[in-house]
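[1] Coordinates for the following, if possible.
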Amino acid sequence: MRKVSFSLGNSRGGNELNDSRKRKLPAFTLVELLVVIAIIGVLIALLLPAVQAAREAARRMSCTNKLKQIGTALHNYHDVYKSLPAGSSGSWHVRPDATEALNALSSLVRILPFIEQSALYEQCAALDKVVSTWQTTVYPSGSVPNNAWCVQISAYRCPSESVPVPSTASVFGYSNYLACMGDFPEHSNDGSSTSTHVAHRGVFSPINRNVTSATNRSLMDPNILWTKLTGITDGTSSTIAFSERCVSAGNINSVKVGLGIHDSNAVITVSNTNFADWNPRACLELISGNEFLAGKTRTEATTYISKRYADGRHFANYFNTIIPPNGPSCQVNEATDGRSMNAASSYHSGGVNVVLADCAVRFVSETVDCGPSTAKIRTLGKSNFGVWGAAGTAASGESSSL
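    Prediction:
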């Protein structure tokens, strides 16, 4: 029988065959791998802004819906009480009495029942009727209590807001939506019957019932009446009711959330009745880029503006149509109730949302016509602050389309 031997691969021919097979195995070179990684990086870089833009578009749409909800609540209030809510007074739907909490609740409180917050409104109304409770909570001098003023209301928060909802209950309720008081830098009433207020030109006014005014232009001035929609003679489709405001996270130097202040020699420092020198330029000169100049801000921006939904005072829940959207806000003196130019602001790219008196929501560019920066404050007649100023007045004899 013939013997057959087998080679176990140690022959030269077997080695050549194995080497040939190894050479034919597919593989990426280092250069090819780096090219693939670079391509993936480029695709991510291209897609990420698109994803972020889509998310911001969704947040902006949600913000639009919340403003429309506020506008609808104003109209529903009008349907029930035959007038719009007052800009600042007590919780009653009629002219409040003198014992009612300094009459300084914001309009956001009065529309609570119309945004499905009736229970919270009843809590606010109960607190409102105790003057000492109001003075130690909405006008606090010490720690902030945990009560109805401290509720964080989702309907009043813009989804694009960068400041998170406070984790503690002992923080006043935030609101990204401010009432429009037109193109006049009004200040809040100090509670006395001798306070003098010159003009109220917007849909809302931070003045309570004790005040006597030379020219009452606001639809929400509780000194006169709680005005009907028919009182908006400039047209409900041309008049702003609410807009947006960013909440301060502590950076008082940021233009969008800060509050500028002038020294005693500044052009803008004037008395309550002399407005000859008031103009936006004095406020705009306090900033450089997106920051206020050193030493030109007030800490109140971190505790008041957009941080007290129930507070009806001007520096907490109002804005003017004087300074362009996303511009600086300024106050004229060190007094807490000093007259101020409060600008609307948002984290939406390029402008802010507004809800008009007819419930329509518009996006207003930060480059909207605001007239010349040297334009002066007016108490009568058409606004000197361009399209933006005209949109803020309710009955100044002009109609402007945003």
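[2] Over to the residue nearest to residue 70 when sequence neighbours are not counted: give its phi and psi.
    With sequence-adjacent residues excluded and distances taken as C-beta to C-beta, 6 or more residues apart in numbering, residue 70 is closest to residue 242, at 5.5 Å. From N, CA and C alone the C-beta is placed, and that goes for glycine too. The phi/psi pair for residue 242 (degrees, to the nearest 10) reads phi -140, psi 160.
[3] can you pull the contacts of the closest residue to residue 359 other than its chain neighbours?
    Take residue 359 and drop its neighbours on the chain: the residue closest to it by C-beta to C-beta, 6+ apart is residue 71, 3.7 Å away. With contact set as C-beta atoms under 8 Å, 6 or more residues apart in numbering, residue 71 has these partners: 241, 242, 355, 356, 357, 358, 359, 360, 361.
[4] circling back to that earlier point, what residues does the residue nearest to residue 70 make contact with?
    67, 70, 71, 177, 178, 179, 180, 354, 355.
[5] Closest one of these to residue 382?
    residue 180 (16.8 Å; C-beta to C-beta).
[6] May I have the secondary structure class of residue 362?
    strand (DSSP: H, G, I helix; E, B strand; the rest coil).
[7] Nearest residue to it in space, please, no chain neighbours.
    Nearest to residue 362 is residue 402, by C-beta to C-beta, 6+ apart, at 4.8 Å.
[8] What degree of burial does that neighbour show, as a neighbour count?
    17 (other C-beta atoms under 10 Å).
[9] Using neighbour counts, trim the contacts of residue 71 to the buried set.
    For the contacts of residue 71, a burial check counting by 16 or more other C-beta atoms under 10 Å picks out 241, 242, 355, 356, 357, 359, 361.
[10] Over the helix or strand containing the residue nearest to residue 359, what's the mean pLDDT, rounded is fine.
    According to DSSP states H and E, residue 71 maps onto helix 30-81. Helix 30-81 shows a mean pLDDT of 88.
[11] Check stretch 171-180 too.
    89.
[12] Show me which positions of it end up buried.
    Here stretch 171-180 shows 172, 173, 174, 175, 176, 177, 178, 179, 180 as buried, counting by 16+ other C-beta under 10 Å.
[13] quick one: which of these is nearest to residue 83?
    residue 179 (15.3 Å).
[14] wait, what's in contact with the closest one?
    87, 106-108, 202-204, 220, 241-242, 317-319.
[15] again, but for residue 68
    Residue 68 sits next to 355, 359, 361 when contact means C-beta under 8 Å, 6+ apart.
[16] Check the burial of the nearest residue to residue 293 once chain neighbours are set aside by counting its neighbours.
    Nearest non-adjacent residue to residue 293, counting by C-beta to C-beta, 6+ apart: residue 286, 5.7 Å away. Residue 286: 21 surrounding residues under other C-beta under 10 Å.
[17] you'd agree the residue nearest to residue 362 is up against residue 387?
    Yes. Residue 402 is in contact with residue 387 according to C-beta atoms under 8 Å; the separation is 6.7 Å.
[18] Between the two, which contacts overlap?
    residue 368.
[19] Which one of the contacts of residue 179 is nearest to residue 59?
    Each of those was checked against residue 59 using C-beta to C-beta; the closest is residue 242, at 17.7 Å.
[20] Tell me the spacing between that closest one and residue 372.
    27 Å (C-beta to C-beta, to the nearest Å).
[21] Can you give me every residue that contacts residue 308?
    Residue 308 is in contact with 138, 149, 172, 173, 175, 316, 317, counting by C-beta under 8 Å, 6+ apart.
[22] again, only using 6 Å
    When contacts are counted by C-beta atoms under 6 Å, 6 or more residues apart in numbering, residue 308 touches 172, 316.
[23] did I read that right, it in a strand?
    No. With three-state DSSP as the criterion, residue 308 is located in coil rather than a strand.
[24] Was I right to think residue 279 contacts residue 371?
    No. Residue 279 is beyond contact range of residue 371, at 9.7 Å (criterion: C-beta atoms under 6 Å).
[25] quick one: which of those two has more around it?
    residue 279 (22 against 19).
[26] What backbone torsions are found at the spatially closest residue to that one that is not a sequence neighbour?
    Distance criterion C-beta to C-beta, 6+ apart; nearest residue to residue 279, sequence neighbours excluded, is residue 374 at 5.2 Å. Per-residue torsions, residue 374: phi -90, psi 10 (degrees, to the nearest 10).
[27] Could you report the neighbour count for residue 374?
    If you count neighbours by other C-beta under 10 Å, residue 374 ends up with 10.
[28] what's the answer for residue 181, then?
    Burial of residue 181, expressed as a neighbour count using other C-beta under 10 Å, amounts to 30.
[29] Could you do residue 367 as well?
    By other C-beta under 10 Å, the residues close to residue 367 number 11.
[30] mind checking which helix or strand it is in?
    Using DSSP H and E, residue 367 falls outside every helix and strand.
[31] Lowest-confidence one in the contacts of residue 68?
    Across those, the bottom pLDDT score, 93, is held by residue 359.
[32] Helices of the stretch 51-200 of the chain, residue ranges please.
    Ranges of helices in the stretch 51-200 of the chain, per DSSP state H, counting those that start in this stretch, are 107-110, 118-128, 131-135.
[33] how far away is residue 391 from residue 172?
    Residue 391 is 29 Å from residue 172, by C-beta to C-beta.
[34] Please enumerate the strands of the stretch 201-350 of the chain.
    Ranges of strands in the stretch 201-350 of the chain, per DSSP state E, counting those that start in this stretch, are 212-216, 240-244, 260-261, 287-288, 291-292, 318-319, 330-331, 340-341.
[35] Pipe these into CSV and attach distance to residue 184 and mean pLDDT per row.
    Converted to CSV, the strands of the stretch 201-350 of the chain look like this (distance: least, C-beta to C-beta, whole Å; pLDDT from 0 to 100):
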stretch, distance to residue 184, mean pLDDT
strand 212-216, 9, 39
strand 240-244, 14, 94
strand 260-261, 18, 76
strand 287-288, 22, 88
strand 291-292, 23, 86
strand 318-319, 11, 88
strand 330-331, 14, 80
strand 340-341, 10, 80
